[in-house]
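# Predicted model follows, preceded by the sequence.
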Amino acid sequence: MSVMHWLTGWVRFRVVTPKGGERFLNSCARSGIILWQVKPGEKGMTACVRAGQYKLLRRPAKRAKVRLHILKRRGLPLKLAHLRGRPGLVAAFALFWIVLFGLGQFFWTVEINGCKRIQEPALRTALAAQGVAPGIWKDNFSAKEIQLKIMKKYPQISWISINNHGSDVDVQLTEKDTAPPVADQKGWYELRASQNGKVTEIHVGAGTAVVKKGDGVVKGQLLVSAAVENKDEKFMQLYHAAGTVMAETTHTFQVSVPNHLTQWKTCSDSVERRSLRIFGIQIPLSVQLPPQGTLKRAGELTTVRLCGKEIPLSVMRETLTPIQRIIHRRNHQEMKQEAMRMLENREKADFPKAEIIKRKDSVKTSPTGITVTRQIKCRENIAEEVKISQ
């Protein structure tokens with residue numbers, strides 16, 4: 001049978017009465033009923049007719065005084081006829097295709113390859129901000145636009161490709177190679193003061209010192225010149241100046257400490273809640289309500305993987321801890337101890353190589369706290385290389 005016959009449905013029948021077959025065929029032809037595969041047989045003639053025209057055979061059969069017996073029924077209409085009494089099955093079939101088509105409009109997985117120095121979670125967050133994440137509707141997806149925005153956010157990316165394979169997104173990137181620092185050996189350099197101070201010691205490796213011990217210098221002043229005089233042949237020769245110039249320097253900085261300290265304290269038992277996240281929609285799995293008041297939240301998100309790929313299905317376990325704010329009033333001694341600690345950390349951070357000779361602190365009290373100003377005298381190398389020519 002042809003495909004058209006299957007789509008319209010067909011019935012194969014037998015003419016049971018031995019006589020009247022020829023008259024039956026003639027009557028069908030006059031009625032416009034098309035028969036095919038008409039074959040004679042010992043038990044009677046057989047033929048095929050469209051399923052929709054089988055009922056029309058009753059009148060030609062009555063005229064020819066024959067009886068008809070159905071042998072086969074095939075075709076799409078007959079298949080669909082079985083579903084008329086099963087509306088649930090039809091609805092489920094339709095719902096399946098609707099859901100399948102609908103889910104295909106979301107991103108299911110996002111695979112990232114090529115991250116070395118860039119943190120993959122941070123990159124996933126940046127992609128999610130651009131609408132590329134599991135469970136997000138992929139309408140108006142523009143790979144070129146997203147690639148430009150990601151490269152602008154991460155200048156260390158030299159090349160990135162974002163490909164959409166149906167519901168899967170494949171992100172391939174290459175980071176720029178970090179070239180090792182290369183000292184510039186071309187040209188001439190001189191040593192200048194990096195800050196104000198009083199020279200205490202000079203060690204010149206190359207060049208000519210233009211200051212001496214006990215001289216006061218200001219920031220940017222020339223300390224060691226690149227020019228060296230050859231007294232025998234009476235000419236000047238330029239070198240890459242090198243050396244150290246130790247000087248006493250003075251620095252002033254201050255810190256402020258408030259007279260109250262705000263702390264958060266747990267006030268009752270924690271509550272653990274679980275939820276299911278499907279395509280960005282969060283479905284609670286716990287019946288317990290969250291506590292009232294200010295809460296400290298801590299959670300863990302577990303993403304389900306299928307065949308090694310993340311799918312937009314995850315389980316969220318969240319711990320909610322009620323907390324309350326407590327304000328602690330500090331006395332003058334506590335504030336001063338905190339200020340000393342802050343000043344010590346500031347010294348270590350700003351002057352790691354300097355030798356502290358002297359410290360002088362002044363404390364100023366106000367209604368809101370104290371301000372401590374520290375003046376320190378250091379001994380440090382103030383020589384700084386400055387390029388003067390190619």
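In hand now; what should we look at?

# Pass me the low-pLDDT residue ranges in the stretch 1-150 of the chain, would you?
Along the stretch 1-150 of the chain, the parts satisfying pLDDT under 70 run over 1, 82-85.

# That one: helices as residue ranges?
For the stretch 1-150 of the chain, helices defined by DSSP state H, counting those that start in this stretch occupy the ranges 3-8, 21-30, 58-64, 76-81, 87-103, 120-129, 143-153.

# Which one of these lies nearest to V386?
helix 143-153 (34.7 Å; CB to CB). (C-beta placed from N, C-alpha, C; glycine too.)

# That closest one packs against which elements?
helix 120-129, strand 157-165 (3 or more CB pairs under 8 Å, 6 or more residues apart in numbering; DSSP states H and E).

# Export those as JSON lines, with columns for distance to K65 and mean neighbour count.
Below are those laid out as JSON lines (distance: least, CB to CB, whole Å; neighbours: other CB atoms under 10 Å):
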{"stretch": "helix 120-129", "distance to K65": "79", "mean neighbour count": "15"}
{"stretch": "strand 157-165", "distance to K65": "68", "mean neighbour count": "14"}
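
# Would you convert those into TSV that also reports distance to V245?
Output for those, formatted as TSV (distance: least, CB to CB, whole Å):
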stretch	distance to V245
helix 120-129	44
strand 157-165	42
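
# Of all those, which one is nearest L57?
Nearest to L57 among the helices and strands packed on helix 143-153 is strand 157-165 (54.5 Å), distances taken as CB to CB.

# just to revisit the earlier point, could I get the helices of the stretch 1-150 of the chain as TSV with distance to S256?
Shown next, in TSV, are these (distance: least, CB to CB, whole Å):
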stretch	distance to S256
helix 3-8	86
helix 21-30	108
helix 58-64	106
helix 76-81	83
helix 87-103	57
helix 120-129	34
helix 143-153	36
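
# Which among these is found nearest to V49?
helix 21-30 (8.2 Å).

# quick one: that closest one to chain centroid distance?
In terms of CA atoms, centre = their mean, to the nearest Å, the centre of helix 21-30 is set 75 Å apart from its chain centre.

# for stretch 23-34, same thing?
On CA atoms, centre = their mean, the centre of stretch 23-34 falls 73 Å from the chain's centre.

# what do you get for stretch 284-302?
With CA atoms, centre = their mean, you get 24 Å for stretch 284-302.

# in it, what counts as buried?
291, 295 (16 or more other CB atoms under 10 Å).

# So which residues make contact with it?
For stretch 284-302, the external contacting residues (CB atoms under 8 Å, 6 or more residues apart in numbering) are 264, 266-268, 271-277, 314-325.

# on that earlier part again, and the helices and strands packed on helix 143-153: which comes nearest P352?
Nearest of the helices and strands packed on helix 143-153 (CB to CB): helix 120-129, 29.7 Å.

# for the closest one, packing partners?
strand 109-113, helix 143-153.

# Given the first one, what are its sheet partners and their directions?
Going back to what we said before, that points to strand 109-113. Sheet pairing of strand 109-113 (DSSP bridges) gives strand 168-175 (parallel).

# Got a quick ChimeraX command for the buried subset of the contacts of stretch 284-302?
To isolate the buried ones among those in ChimeraX, judged by 16+ other CB under 10 Å, type:
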select :271,273,275,277,314,316,318,320,321,322,323
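
# Let's see which of the contacts of stretch 284-302 end up in helices.
Using DSSP state H, no member of the contacts of stretch 284-302 sits in helices.

# In strands only, show me the contacts of stretch 284-302.
264, 266, 271-277, 314-325 (DSSP state E).

# Confirm for me that T368 is in contact with R330.
No - with contact defined as CB atoms under 8 Å, T368 does not reach R330; the gap is 11.5 Å.

# Compare neighbour counts for those two and give me the winner.
The neighbour count for T368 versus R330, taken as other CB atoms under 10 Å, is higher for R330 (17 against 11).

# Quick check: the gap between the more buried one and N345.
18 Å (CB to CB, to the nearest Å).

# Also K265?
26 Å.

# the more surrounded of these two?
The neighbour comparison of K265 against N345 (other CB under 10 Å) goes to N345, with 11 against 8.

# So what does the more buried one have for phi and psi?
phi -70, psi -40 (degrees, to the nearest 10).

# Do you know the pLDDT at it?
N345 carries a pLDDT score of 93 in this model.

# Repeat that for the one 5 residues further on.
What the model reports as pLDDT for D350 is 89.

# Return the residues in contact with it.
Counting by CB under 8 Å, 6+ apart, D350 touches 251, 253.

# same check, this time on G75
Contacts here follow CB under 8 Å, 6+ apart; on that basis G75 touches 5-10, 51.

# can we see that at 7 Å?
The contact partners of G75, taken as CB atoms under 7 Å, 6 or more residues apart in numbering, are 5-6, 8-10, 51.

# and what of R329?
So R329 contacts 259-260 (CB under 7 Å, 6+ apart).

# Ok, M45 next?
By CB under 7 Å, 6+ apart, the residues touching M45 are 15, 21, 38-39.

# Keep only those of these that are in strands.
Residues of the contacts of M45 located in strands (DSSP E): 15, 38-39.

# ok, of the residues you listed, which come out buried?
Using 16+ other CB under 10 Å, the buried ones in the ones in strands among the contacts of M45 are V15.

# Reformat the ones in strands among the contacts of M45 as TSV; add distance to T303.
Below are those laid out as TSV (distance: CB to CB, whole Å):
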residue	distance to T303
V15	68
V38	66
K39	65
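
# wait, which of the ones in strands among the contacts of M45 is closest to L56?
Nearest to L56 among these: V15, at 15.2 Å, using CB to CB.

# How about the contacts made by the closest one?
Here V15 is in contact with 21, 24, 44-45, 66, 68 (CB under 7 Å, 6+ apart).

# 10 Å instead, please
Contacts for V15 (CB atoms under 10 Å, 6 or more residues apart in numbering) come out as 21, 24-25, 38, 40-41, 43-47, 57, 61, 64, 66-69.

# who does it bridge with?
L68.

# I am finished for the moment; much appreciated.
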